[in-house]
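Asker: sequence and computational prediction follow.
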Amino acid sequence: MMSAEPKPSKGVDDNKKVITRLMFIVIGMFGFGFALVPIYDVFCDITGLNGKTGEQIAAPLNLEIDTSRVVTVEFVASLNETMPWEFQPEVKSVKVNPGQPTKISYYARNKTDSEIIGQAVPSVAPGLAAPYFQKTECFCFTEQTLEAGEEKHMPVIFIVDPELPDNVDVLTLSYTFFIKPGSKAAPMALNKEPKNSKHQEL
Amino acid sequence: MSAAIRVAGLISLLFFSAQSWAGYQLNMKPGVTSFSQDAYEIHQLVMWICVVIGIVVFGAMIYSIINHRKSKGAVPADFHESTTLEIAWTTVPFIILIAMAIPATRVLLAMEDVSNPDMSIKVTGYQWKWHYDYNVGENAKEVSFFSNISTPGALSLASNPDVVKDENYLLDVDNKLVIPTNKKIRLLFTSNDVIHAWWVPAFGVKKDAIPGYINESWINVPEPGIYRGKCAELCGTNHGFMPIVVEAKSEEDYLAWVDGQKMAAAEVAASASKTWTMAELMAQGEKVYATNCAACHQANGEGIPNVFPGLVGSAIATGPTAAHIDIIVHGKSGTAMQAFGAQLNDADIAAVVTYERNAWGNDKGDMVQPSDIKSAR
Amino acid sequence: MSAVIEEHHDHHDHKPTGIGRWLFSTNHKDIGTMYLWFSFTMFFIGGAMALVIRAELFQPGLQFVEPEFFNQMTTLHGLIMVFGVIMPAFVGLANWMVPMMIGAPDMALPRMNNWSFWLLPGAFGILIASLVMSLMGMGSAPNFGWTFYAPLSTTYGPASTDYFIFSVHLMGISSIMGAINIIATIMNMRAPGMTYMKMPIFVWTWFITAYLLIAVMPVLAGAVTMMLTDRNFGTSFFNAAGGGDPVMFQHIFWFFGHPEVYIMILPSFGIISQIVPTFARKKIFGYSSMVYATASIAFLSFIVWAHHMFTTGMPVAGELFFMYATMLIAVPTGVKVFNWVSTMWKGSMTFETPMLFAIAFIFLFTIGGFTGLMLAMTPADFQYHDTYFVVAHFHYVLVTGAAFGIMAGVYFWIPKWTGNMYDETLGKWHFWISTISVNVLFFPMHFVGLAGMPRRIPDYSLQFAEFNAMASVGAFVFGFSQLIFLYNMIKTARGKTSVKATSQVWDGAEGLEWTLPSPAPFHSFTTPPQVK
């Protein structure tokens, strides 16, 4: 780029070359914007950024149980927006040894008189603990359909990795239930006008 | 010239005629926790380094402006580069930056010390209030409540002038977050709807409350006292009206408060099974309305055209009671009308429904009992 | 650098006539003029919104607007100033000056140049229409801040959001096409003898800015497209319910957003680098360092974005990285400031209006730079984030930085454009009233931010009252003093000032553009000059 003497006045072809190269960059960067989506997920999986715990893992890890250490795992339940279920953890916390598989349960009940499909989003605090919190069974992201008045117990089996940093003695697993986007009861903003709207106009 | 003096005089008059509300604070305060005090130290360090650099650079500029001017007969010099200087003023600032980065790194790593918390509290941001839930983890207490701004009339042009503006204007709530002193309290942040942020300057804690996710911070407050903060992330219309008030009490007083909260909750449950008189319902309803509904529907029930519907003579408030109860309990998806069934108890909802059906000339004569609400949930 | 010019006076300096001259223009001077008048118009519109904001914030309590409308004002004020004032003004200055500075007859792609401009009135027509509809009670205009975080802008955004997205796409296409044009022009159309390291610094800063635009505007387009599909086509990029993540929006937005703010300052750096040597009658100090420093700033701007997100719950390793990278930017920026001061040093300075604005730039942009360094320190940022301390910082770098640079450039170059000297007395009045009032307006914001006042609130607690009152007074004085500038520019353009401009215009001016007559002919350098 830093030549001593530029060539004399350039023509249309040179412009075309520059434009073509720049358009590649433009299109490439547009694609990069979308590529940031999976890149972000990979990054979060590796670093536990944002408390993302990732999907449930297929098989239980055979980890050596560290009996010298006790970690308290708290359980928290939240409902998003107008989600009309009752939702709570069946135990508030457990004390576990890292490496030891543990099972707890969450309870949900549909308090309304119509079917509602929910979707639960997990999150772990502190964020740096998330990569060390492995779930071999959970209800993350799987649709949970509850008929009117139906209740359900949803198990979670997890293992705290013994590699969990030393200064973490308490970590919190949170689930937030959303109404499944696009389903009948979902907020209108996420969906076109629901067909059987029960709400009257004011 | 005299016009300028007059303008200056007018402006000074404006400043000095304003009542003194202690409003000339220039600098951040150190606060009461290690976070806030560390933040203050870093702030001071960097600020003063910048001031010194500023004095040097601006001093050189001012000197040059005065002395190297054509009107003084200055003749322009010839020089226009110096590799030595370029290296010098690249390296020296770099070293200064390292000197700043070391204490900042130390402070940040100290904030990461999440070990040995004593209790956890879940903080949920709502549009436009906070919810505090102590029923978390090992030291769970069955206490949870909403914390609303205590002057909801502040929220609109029509009613704002009637609101008394005292020293805690926009900084007071109906239910404070009460915590024990000298305990490491883990705060877990999430949101019910959009992103909010919980900030108490005296604690040096500001954390985003993100729907679906949980964030964590911790505080250890050494001194009893009242500490105030605000929402720090634009979250919609009333972002400016969801303050935070934390009251730190000794552990004894805190446990007494917890007992008091549990008793109050029991009373509320009891009140749900009794039969209320019209007068009781209207009185309670007016209070509930003021705290929870007036922000949008306005104290006079007229709402804000095309933004928040009015209730005076409206189809819901004067139509079938069942639909009225339904929209309050379950909210209306896709609008700002929240599901107050999750936020208010049976007695309060019964009272506010009764109030709305009879206030502002609606005069339906209807009375709704808490038991009606219970069966409608 | 001396230039041997073969001037061919175009005796038939004919311009097209009527409205077609403007609608179908392929002339870089006319298109530059249109960009500048568009920007100036938007400046008053965005400025009026700022005055609505400052009127409401003059005293505690709600006096003029509902909170909902206030949020629309802050949103549109930001969008208009960023995308409708600063960026188009810089493009206008580039259009006018870059071809003349490199000895080219026009931009590389004159027709695309026309489209780049005319997209903008369209884009802003849509945005302003949403405001008009809001005033007529037909729903809210965008009300989620110029940074439009999800889910406030996606799930909870008003109906006008989809039009906002379309508007952003149009602005983005305009910027991208403009940037491509500038790069092609600079790469391919320099006069013989003008090597890269002989180009004026303004050309360098625009060259680098254009690459930044090409790299990040498409990412913004991606972000708003994801918003569009989340809102209308059932995707869940930013919705946790569907497996998405609101924080990811912030990452994608700020990956665009941080380079964007450097896009908004680098051309100003270039303008100052043209003005200070001229009025100090001394070459710019450290030409190569200035080029490398600009390139370093541009490169670093890509790796600092998450300093806008320190409170989102980032792991400490991330916080440290972004803190260090952000602090690093102070080094090349400092190099530039030192080089400007060294240019002034032992010069022979006169202080006409362009030089006054340039010196004010150096003082006040540096103050903005200092608060930027303070904001980089993560533990302190926990207290500064989303407060008026940030508002103070970015208004110092954008108003006394970018905008003062633009004003300096306009005063500097308007004699070349019109052939008339602007009224120097009015220029000085404009300068002094603006500079004093802009500090009365923005300096107190540091204090209220440190005292705990958050951003984007229509009403505040009483302890913030005094400084807010001060800021509001400053705002009104600053706003109305821009009318002096408007009056002066119209007077100059219409030839009603008494002094005509020579080719060189300014005593210390050097460069190809100053070899042309004033006003510059409609077609200039139709034969390229030879540069030695």
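Answerer: Arrived safely, thanks for sending.

Asker: okay, and the residue in chain C that chain A sits nearest to sits in which element?
Answerer: When scored by Cβ to the nearest Cβ, chain C has residue C:222 as its residue closest to chain A, at 2.5 Å. Any C-beta I mention is one placed from the backbone N, CA and C, and that applies to glycine too. Assigned by DSSP states H and E, residue C:222 belongs to helix C:201-232.

Asker: in that helix, what's buried?
Answerer: Judged by neighbour count using 16 or more other Cβ atoms under 10 Å in any protein chain shown, the buried positions of helix C:201-232 are C:201-228, C:230-231.

Asker: equivalent analysis for stretch C:489-498, please.
Answerer: In stretch C:489-498, counting by 16+ other Cβ under 10 Å, buried: C:489, C:492-493, C:497.

Asker: kindly reformat those residues as a markdown table containing secondary structure and distance to residue B:131.
Answerer: Formatted as a markdown table, the buried residues of stretch C:489-498 follow (DSSP: H, G, I helix; E, B strand; the rest coil; distance: Cβ to Cβ, whole Å):
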| residue | secondary structure | distance to residue B:131 |
| --- | --- | --- |
| C:489 | helix | 55 |
| C:492 | helix | 61 |
| C:493 | helix | 60 |
| C:497 | coil | 65 |
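
Asker: what is the lowest-pLDDT residue among those residues?
Answerer: Least confident of those in the model: residue C:497, at 71.

Asker: which ones are touching that one?
Answerer: C:420-423, C:491 (Cβ atoms under 8 Å, 6 or more residues apart in numbering or on different chains).

Asker: mind redoing it with 6 Å?
Answerer: C:420-421, C:423, C:491 (Cβ atoms under 6 Å, 6 or more residues apart in numbering or on different chains).

Asker: rewinding a little: and which of the buried residues of stretch C:489-498 is nearest residue C:307?
Answerer: residue C:489 (37.5 Å; Cβ to Cβ).

Asker: who touches stretch B:77-97?
Answerer: C:283, C:285-286, C:289, C:327, C:331, C:334-335, C:338, C:346.

Asker: ok, 7 Å please
Answerer: B:49, C:282-287, C:289, C:327, C:330-331, C:334-335, C:338, C:346 (Cβ atoms under 7 Å, 6 or more residues apart in numbering or on different chains).

Asker: just among those, which is most surrounded?
Answerer: residue C:285 (26 neighbours; other Cβ atoms under 10 Å in any protein chain shown).

Asker: ok, now which ones touch it?
Answerer: B:80-81, C:339, C:342-343.

Asker: how close does it sit to residue A:78?
Answerer: Separation of residue C:285 from residue A:78 (Cβ to Cβ, to the nearest Å) stands at 59 Å.

Asker: from residue C:240, how far off is whichever residue of chain A sits closest to chain C?
Answerer: Closest approach between chain A and chain C, counting by Cβ to the nearest Cβ: residue A:33, at 2.5 Å. Distance, residue A:33 to residue C:240, using Cβ to Cβ: 20 Å.

Asker: go on, residue C:250?
Answerer: 14 Å.

Asker: show the contacting residues for the residue nearest to residue C:339 when sequence neighbours are not counted.
Answerer: Once flanking residues are discounted, residue C:339 sits nearest to residue C:286: 4.3 Å by Cβ to Cβ, 6 or more residues apart in numbering or on different chains. Contacts here follow Cβ under 7 Å, 6+ apart; on that basis residue C:286 touches B:81, B:86, C:339, C:342.

Asker: may I ask which helix or strand encompasses residue A:171?
Answerer: Judged by DSSP H and E, residue A:171 forms part of strand A:170-179.

Asker: now the buried members of the contacts of residue C:285.
Answerer: The buried subset of the contacts of residue C:285 (16+ other Cβ under 10 Å) comprises C:339, C:342-343.

Asker: residue C:19: how many residues sit nearby?
Answerer: 8.

Asker: do residue B:51 as well
Answerer: Applying other Cβ under 10 Å, I find that residue B:51 has 11 neighbouring residues.

Asker: between the buried ones among the contacts of residue C:285, which is nearest residue C:18?
Answerer: Nearest to residue C:18 among the buried ones among the contacts of residue C:285, with distances taken as Cβ to Cβ, is residue C:343, at 45.1 Å.

Asker: so what does the closest residue to that closest one other than its chain neighbours look like in phi/psi?
Answerer: The shortest distance from residue C:343 to any non-neighbouring residue, by Cβ to Cβ, 6+ apart, is to residue C:285 (4.5 Å). Torsion angles at residue C:285 (phi, psi; degrees, to the nearest 10) stand at phi -80, psi 130.

Asker: where's residue B:154 relative to residue C:63, distance?
Answerer: From residue B:154 to residue C:63 the distance is 12 Å (Cβ to Cβ).

Asker: so between those two, which is more surrounded?
Answerer: More crowded of residue B:154 and residue C:63, by other Cβ under 10 Å: residue B:154, with 25 against 15.

Asker: show me what contacts the more buried one?
Answerer: Residue B:154 neighbours (Cβ under 7 Å, 6+ apart): B:160, B:163, B:170, B:241, C:459.

Asker: list only those of those flagged as buried.
Answerer: Members of the contacts of residue B:154 classed as buried by 16+ other Cβ under 10 Å are B:160, B:163, B:170, B:241, C:459.

Asker: name the nearest residue to the third one, ignoring sequence neighbours.
Answerer: Pointing back at residue B:170 there. residue C:461 (4.9 Å).

Asker: in contact with that neighbour, which residues?
Answerer: Residue C:461 neighbours (Cβ under 7 Å, 6+ apart): B:169-171.

Asker: follow-up on the earlier one: would you turn the buried ones among the contacts of residue C:285 into CSV with pLDDT and secondary structure?
Answerer: Shown next, in CSV, are the buried ones among the contacts of residue C:285 (pLDDT from 0 to 100; DSSP: H, G, I helix; E, B strand; the rest coil):
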residue, pLDDT, secondary structure
C:339, 98, helix
C:342, 97, helix
C:343, 97, helix
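
Asker: how about a markdown table for those residues, with distance to residue B:271 added?
Answerer: As requested, the buried ones among the contacts of residue C:285 are exported to a markdown table (distance: Cβ to Cβ, whole Å):
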| residue | distance to residue B:271 |
| --- | --- |
| C:339 | 75 |
| C:342 | 78 |
| C:343 | 78 |
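
Asker: which one of those residues sits closest to residue C:150?
Answerer: Of these, the one sitting nearest to residue C:150 (Cβ to Cβ) turns out to be residue C:339, at 41.6 Å.

Asker: ok, now which ones touch that closest one?
Answerer: Counted by Cβ under 7 Å, 6+ apart, residue C:339 has contacts C:285-286, C:289-290.

Asker: of the residues you listed, which belong to helices?
Answerer: C:289-290 (DSSP state H).
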